[in-house]
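Asker: okay, here's the prediction I keep looking at, along with the sequence it came from:
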Amino acid sequence: MSRNAQSGVDAVSLEIFRSSLTAIAEEMGAVLTRSSYSPNIKERRDFSCALFDIHGRMVAQAAHIPVHLGSMPDSVAIALSEFDTFAPGDVIAINDPFMGGTHLPDITLVSPIFVGNEHFGFAANRAHHADVGGMSAGSMPVATEIYQEGLIIPPIKLWEAGEPNRAALALILRNVRTPDERRGDLAAQVAANRTADRRIAELVERAGRASVDEHIDELINYAERMTRSAIEQIPDGTYEFTDYLDDDGVKMEPIAIKATVIIEGTELTVDFTGSDPEARGSINAVASVAKSAVYYIIRCLMPDEAPSNAGTFAPVTVVAPSGTVVNARPPRPVAGGNVETSQRITDAVFGAMAKALPEIIPAASQGTMNNVTAGGVDPRNGQPFAYYETMGGGMGARKGLNGLSGVHVHMSNTLNTPVEAFEFAYPMRITEYRLRDGSGGDGAAQGGDGLVRELSFQVETEVTLLSERRRIQPWGVQGGEPGQTGENILIRDGVQTQLGGKKTISVEPGDRLSIQSPGGGGWGEKG
Amino acid sequence: MLVGVDTGGTFTDFVVQDGTSLRVHKVLSTPDDPARAILQGLDELGVTAARALIHGSTVATNAVLEQKGARTALITTAGFRDVLEIGRQTRPTLYDLRVERDPPLVPRDLRLEITERLNERGSVLIGLDQDSVEAAVTAVREAGVESVAVCLLFSFANPEHERIVTEQLRQAGLSASASHEVLPEFREYERTSTVVLNAYVAPLMDRYLGNLERSIPSETPFRIMQSNGGSISAAVARREAARTLLSGPAAGAVGAAYVAEASGFRQTISFDMGGTSSDVALIDGNLTETTDGRVGGHPCRLPMIDIHTVGAGGGSIAWFDAGGALKVGPYSAGASPGPAAYGNGGTEATVTDANVVLGRLSADDFLGGGMNLDVEAARSVVGKVAEQLGSSLEDAALGIARVTNANMEAAIRVISVEKGYDPRGFSLVAFGGAGPLHSCELAAAMRIPRVLVPAIPGVLSAYGMLAADLRKDYVQTIMLAPDADTSGLKPLFEDLSGQGRREILAEGVDEARVDVEQYLDMRYLGQSYELTVPFTGSITDATLEFHAAHHVRFGYSDPDEPVQIVNARVKAFGRAERPEIPLTPYDQESIATPDRTRDVVFAGADGAETRETGIFERENLVAGARINGPAIITQYDTTTVLPPGWQALVDQAGILVAEPVEGEDTDVS
């Protein structure tokens, strides 16, 4: 083929390398899903896998969950800055949100990839563990300091040249509620990274190191071209929107997230200046979460086949002032930043973009993941249990198209736990699981409906709810009505109590908890 | 005489085996009434009575994909009628602002609830409320539905409530599918979806097969292919219609496995490349099965051959994305206008056009010379791609072929490396209209050491039906804790095996040909995916098998970790009297002489190279014939490309075995 004189890359080999590298990241995901223990990872697929070059540039990311888009590169960057040397078989573990992490349950493992003796790059995967200790089972508490949220793992070599760091492993496992499950999940994560090691070696053997490096450079340029071409379609200008979190769970006051979107030719800047200061409660986001939310929106404006790598987001600048709710500092609690605030950041940016692209941007979706954690002792085997799940809700309406009902929106797409799996696994029952009629906002196109999931408890259980859009409705656009707010209702002895969005409660046998997720906003005036 | 009939989108294929004689026939399909093409073909072949007629039908699949099944109702436990619609609460794609989901096959107003509730062990928490049952039955009758699915929570642990409801529906004259009959396995959404699929297609299959049964000779046993690679009597298929949903591709894989085995190859990957899509499956001694299948967006948990389909075939269109990379598919020129080379006004370059430009497909031998190819039109559309690539016409065509092969490679990786199998230990069985065109270059790129092209690659699905065993599957969720009492397993397996044996015998199979296999689905405690391992009576042995299988599949195992038994499975077989593959022994190999030569383009070290290439008619090749690449082997509906550096041998079973010449670097990717 008549190749470009300067390089051995052409439109054909580019596509072939893209396919090969993506396949490796996908295979890592297949290994992780199949061999992990936590339902969060296996059943709900709350994880991401990616490959990086030796400079820490992301080369390929499998299409797993959006909230990890911007944060995986930060983990690798921290690993690179903390360690001078890497050996085959090293595995660096991180969950510190202030050092390349997102929130504590997300444990990231970064492994150097070696081809023979040559350091090629890194494989990284991040998985949401069902528990990492802290003040409440499931490690998603309503807290005021990060120390309450669980064990913090700064970047450490958990395996060194293939040998496990037994002391560190023992320390981690002694500080979590379900150590056997954690050990199994970590082993699965290591196996996923090893897969990348083998596959990259095969690719280098097949194509040669120089050619692989050259194609990685060009793939990154290619992704950047794709993004620039997408941004070019957006009219130049400055667009603003402010959306609000209900509260931080400590003080019942709304928290503003202000997004200013600036489009200039093929470049896009999102500036969060003007957002409220970091909060006392656990809804703070770290900067990498804010980046992920912006990157997610960019990805939505691009064609399906666009790759996710370091080039994809090169034309995008995110300004997240330190000390605000979108870029909190230690020791602020951050458990909800990843799951709740990330959704509101998305809403704020979409709200601004709707002014630039009124035909394309949908109404606000449920804007929450409705996090429920529960823990106690299962009387059937005397063992402690830790349950964590998130719930779908209404999707915002699109022009000429209703929002979907009962689905995860924007930053998450994790599976539910089947009722029949749930009741085998936990001493709880689900007594109702249905669409929440009429919760979607009216409009020319209707917002999707939320869900109702009612849990009934058989033993004393600690339950923590971390949910949003319980007070402020998901907005409609172009004249559409807002969706209904969600509700969390405790039913005890026939008496219903509204719990609000963020709460830890001790429930008794016989109590029931009805979680009702918000509906999506409507699009356009109802004719 | 055995007859296999495969209804495809364009052609209905027939294979008739009589002793060692094999006849192949094709008739244009009649999608409005598929039976017409079948009866026409049987008539043209002069088939009056046969030992068996086995049919692979797309009636059920199309009904689901086109949402044209029976008007169906669903009855569930109170509080759970929306499970079918909520599914797993996910959206099908992550980054699509206009994402949509396939609507549920039962609309909300036809999903009815009854008051009852069991716990996970099947104990009654809330007794069956008879009034709610009667109200539901009345509502279903008044709604005028044709079929009803029943799926109550934990009915696999105790089917009593579901049985009562189902009986009342049937007494009311309604066709009912019950989840404890179709799939007594836990996970309510997947079970509900499966039983709804069955209810949705059963009335259609009942009518379609009923009509066919009346039209074919009554003394001929009439069997239907199932997605699991086995066949079953039409009478059973009319009731258990969901078992036939992916029967066509399954039959192709069965055919591939059978012909490869006759030539001594038991580790193979079947590669069926058609006009708009391609199917791949892995055969490691046996065909790989899955219970994770989907039809359209709807999960079907019945065992099926694990076939991965990719949206790229001969008609797939080559295009450039916004970043300037060359893509092939999933857009297709379809049957109309088809590739530009078909001369029906196609204006975009397809894979077929690229193969015409490369000289690999030629009007002389395309469909036996019965169809003209417009070479100029193909050169013109591929020329547009070349212009954008800044390359020669031939390099552009090679580029399209390489990107196509990369799509195929990704599909093969899903069924091999992602499941713990190394494709370098397998042979690629290429069939379908376009499979043998691409197979050697695909194999080279994946370091697959060998390509097998069957004698009748264009009708392998119909042929596979002749080789398929009769088969029935049974499952029961038991969910035992690692230290639980397992004494209940023996009677459970006796029950399931007994039922399997009885039902296979009822198909008219000789006792000696009945075979029952027992399996356990196991997992490490706390995991939520199971692996199926053989069970021969010893849980210790099954546990060892599980650790080994886990190691193969996931790269690790832990003998100290407690293992849980989740499901019991039984497969009952009526072993087929498989069609004889006549062997033609030969004393020594002979170098075959080409029937003619033409210029064909291949990838060389510095881009496209045109080589004078021998063209061989497949029907002129005898056992022991050896061909050195570059060569093109043509037959009625398939063309095989043997690149430079490859050689092929027609073995004594008539299969074309292609391998790289030792020491040659054949990596053309």
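Answerer: Cool, got the structure.
Asker: start to end distance for stretch A:138-157?
Answerer: Start-to-end span of stretch A:138-157 (CA to CA, to the nearest Å) is 25 Å.
Asker: next helix or strand past the helix or strand A:Ala167 falls within?
Answerer: Element membership for A:Ala167, per DSSP states H and E: helix A:166-174. Once helix A:166-174 ends, the next helix or strand along the chain (criterion: DSSP H and E) is helix A:179-207.
Asker: so which bits of the lengthiest helix in chain B are buried?
Answerer: For chain B, the helix that runs over the most residues, judged by DSSP state H, is helix B:188-215. Judged by neighbour count using 16 or more other CB atoms under 10 Å in any protein chain shown, the buried positions of helix B:188-215 are B:188-206, B:208-209, B:212. Heads up, the C-betas are built off the backbone N, CA and C, glycines and all.
Asker: enumerate the residues of the stretch 101-250 of chain A near chain B.
Answerer: With CB under 8 Å from any CB of the partner chain as the criterion, the stretch 101-250 of chain A meets chain B at residues A:180-181, A:184, A:187-188, A:191, A:194-195, A:199, A:206, A:222-223, A:225-226, A:229-230.
Asker: buried subset of the residues you listed as a PyMOL selection?
Answerer: When burial is assessed using 16+ other CB under 10 Å, the buried subset of these is captured in PyMOL by this command:
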select buried, chain A and resi 180+181+184+187+188+191+194+195+199+222+223+225+226+229+230
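Asker: where does B:Gly368 land on pLDDT?
Answerer: Model confidence at B:Gly368, expressed as pLDDT, equals 59.
Asker: kindly report the residues of the stretch 401-527 of chain A close to chain B.
Answerer: With the criterion set to CB under 8 Å from any CB, the stretch 401-527 of chain A comes near chain B through A:401, A:404-409, A:413-416, A:418-421, A:423-424, A:429, A:431-435, A:451, A:454.
Asker: return the subset of those lying in strands.
Answerer: For these, the ones inside strands are A:429, A:431-435, A:451, A:454, with DSSP state E as the criterion.
Asker: the residues you listed: which two are farthest apart?
Answerer: Based on CB to CB, the longest span within these runs between A:Arg429 and A:Leu435 and measures 19.8 Å.
Asker: could you pull out the strands for the stretch 301-450 of chain A?
Answerer: Defined through DSSP state E, counting those that start in this stretch, the strands belonging to the stretch 301-450 of chain A, from first to last, are A:316-319, A:371-378, A:383-389, A:428-436, A:450-457.
Asker: pipe the ones you listed into CSV and attach mean neighbour count and mean pLDDT per row.
Answerer: Conversion of the strands of the stretch 301-450 of chain A to CSV gives the following (neighbours: other CB atoms under 10 Å in any protein chain shown; pLDDT from 0 to 100):
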stretch, mean neighbour count, mean pLDDT
strand A:316-319, 18, 97
strand A:371-378, 21, 94
strand A:383-389, 20, 87
strand A:428-436, 21, 98
strand A:450-457, 24, 98
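Asker: which SS state does the spatially most central residue of chain A fall under?
Answerer: Among the residues of chain A, the smallest C-alpha distance to the mean C-alpha position (CA atoms, centre = their mean) belongs to A:Val67, namely 2.9 Å. Classification of A:Val67 using DSSP: H, G, I helix; E, B strand; the rest coil returns helix.
Asker: ok, for it, nearest residue in space, not its chain neighbours?
Answerer: The shortest distance from A:Val67 to any residue other than its chain neighbours is 4.2 Å, reached at A:Met411 (CB to CB, 6 or more residues apart in numbering or on different chains).
Asker: tally of neighbours for the closest residue to B:Leu621 other than its chain neighbours?
Answerer: Distance criterion CB to CB, 6+ apart; nearest residue to B:Leu621, sequence neighbours excluded, is B:Val650 at 4.9 Å. Residue neighbour count, defined by other CB atoms under 10 Å in any protein chain shown, stands at 26 for B:Val650.
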